[in-house]
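Enquirer: Here's a sequence, model it:
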Amino acid sequence: MSIEDRKIEHIKIAAQKDIEEGSTLFDEVQLIHNALPDFNFDEVNTSTQLFGKPLSAPFIIGAITGGTELSGKINEIFAEAAEQLGIGMYVGSQRIAIEKPETRWTFSIIKDKAPSALKIANIGAPQISKLDESKAIDWINAAIDMIDASAIAIHLNPAQEVFQPEGEPWFKGVIDKIKYIAKSINKPVIVKEVGNGISKEVAAKLKDSMVSAIDVGGIGGTSFIKIEAERWRRTDISELSSVFNGWGIPTAISICEVKSVFDGVILASGGIRSGLDGVKAIALGASAFTMSRPMLINALNGKDQLMQFAERVVREFKIAMFLTGSKCIGDLPNLPIILGPTIINWLAQRGVRCR
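Expert: Numbering: from 1, shown residues only. As a prediction, this is how the structure comes out:
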């Protein structure tokens, strides 16, 4: 199957099938209600800065797609929404555009549609693992230039690759390549998971590699294990993948694990489904949150529906700030929180101190 066909299949399965798995454990993060905020609701300021770009709220459209005509239309809608709302956006893996220049427009369109928005480029770890250092830098710079990105993400997806029919589970030497890239380019490097979470051990390695940010990509949302099993259409693969359903680190816990050893920017992704989840993520230690599947589903129904959904998320975020007595984003990391038993037990056994 061609890369183009694979990307179309990913979109259809992600939008139409039951491919979410596990719990983020945000239901075990309880914020404390503040019945006496000393300011009015319209004084709540949700704005922040990330990678040198202003954001109206710490909200980023997740890494989803690119490389096909449908992908180009989706990215155009995302870009227009990001520009109008003042939020950020990732693009999907740009490998296809580097290998097949005729598909670059499906990514570069966001330069025109979102000239001032925070844009994050994206390349897979297995792809850079195969390249020598010089070629890897060429790929990274090409991805950045393609969309005029403020930062680049290198995504880690070992679980996806090992279940993908065309998978390339090649990770030997990736950490050295990441370190070389981080010290060689003049843009922030983000390392992100795609849905199975990042542990404190991996975060410590990434800290030593001088990356600027970690996107935890925890479990609780889209499962690429389930997506790839769906693509196989074989009973034996479905049975094999079912053994690993729920494999990984819940998003809420992954934020805590990463925060315990990493002092850079932390982005929260994986099953975030509301602005309230976003506030919880930032209270745990993240700087911003991302959403992917809900944005995709709404974008497939048109820009207006996507805008309405994104505006609702920002509204939820603002309400949660008000109800916790948080006037600005800087107040959120200091909020009192109550953690549930699963989180407490995990952190205790792992020797992780939350915040």
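Enquirer: In stretch 335-354, which residues are buried?
Expert: Of the residues in stretch 335-354, those buried by neighbour count under the rule 16 or more other Cβ atoms under 10 Å are 335, 339, 343, 346-347, 350, 352, 354. Placement of C-beta: from N, CA and C, glycine included.
Enquirer: Any chance of those in JSON lines with secondary structure as columns?
Expert: As requested, these are exported to JSON lines (DSSP: H, G, I helix; E, B strand; the rest coil):
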{"residue": "335", "secondary structure": "coil"}
{"residue": "339", "secondary structure": "strand"}
{"residue": "343", "secondary structure": "helix"}
{"residue": "346", "secondary structure": "helix"}
{"residue": "347", "secondary structure": "helix"}
{"residue": "350", "secondary structure": "helix"}
{"residue": "352", "secondary structure": "coil"}
{"residue": "354", "secondary structure": "coil"}
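Enquirer: Residue 81 versus residue 309, what's the distance?
Expert: Using Cβ to Cβ, to the nearest Å, we find residue 309 at a distance of 9 Å from residue 81.
Enquirer: Of these two, which one has the most company?
Expert: Set residue 309 next to residue 81 and count neighbours by other Cβ atoms under 10 Å: residue 81 wins out with 25 against 17.
Enquirer: which other residues reach the strand or helix carrying the more buried one?
Expert: With the criterion set as DSSP states H and E, the secondary-structure element containing residue 81 is helix 69-85. Counting contacts by Cβ atoms under 8 Å, 6 or more residues apart in numbering, the residues outside helix 69-85 that touch it are 7-8, 11, 56, 61, 64-66, 87-89, 91-92, 105-107, 109-110, 112-119, 295-296, 299-300, 302-303, 306-307, 310-311, 314.
Enquirer: isn't residue 104 right up against residue 145?
Expert: No: using Cβ atoms under 8 Å, residue 104 is not in contact with residue 145, being 10.2 Å away.
Enquirer: Who has more neighbours out of the two?
Expert: The residue with more neighbours, out of residue 104 and residue 145, is residue 104; 19 against 12, by other Cβ under 10 Å.
Enquirer: What sits closest to that one if chain neighbours are left out?
Expert: Closest residue to residue 104 apart from its sequence neighbours, by Cβ to Cβ, 6 or more residues apart in numbering: residue 97 at 4.4 Å.
Enquirer: Can you name the residues that contact that neighbour?
Expert: Taking Cβ under 8 Å, 6+ apart, we find residue 97 in contact with 66-67, 103-104, 106-107, 143, 146.
Enquirer: Also residue 86?
Expert: By Cβ under 8 Å, 6+ apart, the neighbours of residue 86 are 47, 54-57, 117.
Enquirer: Next up, phi/psi of it, please.
Expert: Geometry field for residue 86 lists phi and psi as phi 80, psi 30, criterion degrees, to the nearest 10.
Enquirer: quick one: the helices in the stretch 251-355 of the chain?
Expert: Ranges of helices within the stretch 251-355 of the chain are 251-259, 275-284, 293-299, 303-323, 341-350, based on DSSP state H, counting those that start in this stretch.
Enquirer: and the first one, what does it pack onto?
Expert: Here helix 251-259 is seen to pack against helix 200-208, strand 265-268, helix 275-284, helix 341-350 when contacts are counted using 3 or more Cβ pairs under 8 Å, 6 or more residues apart in numbering; DSSP states H and E.
Enquirer: about what we covered before: now render the buried residues of stretch 335-354 as TSV, adding distance to residue 38 and pLDDT.
Expert: Compiled in TSV, the buried residues of stretch 335-354 are given as follows (distance: Cβ to Cβ, whole Å; pLDDT from 0 to 100):
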residue	distance to residue 38	pLDDT
335	15	98
339	27	98
343	30	98
346	36	98
347	32	98
350	38	98
352	33	98
354	27	86
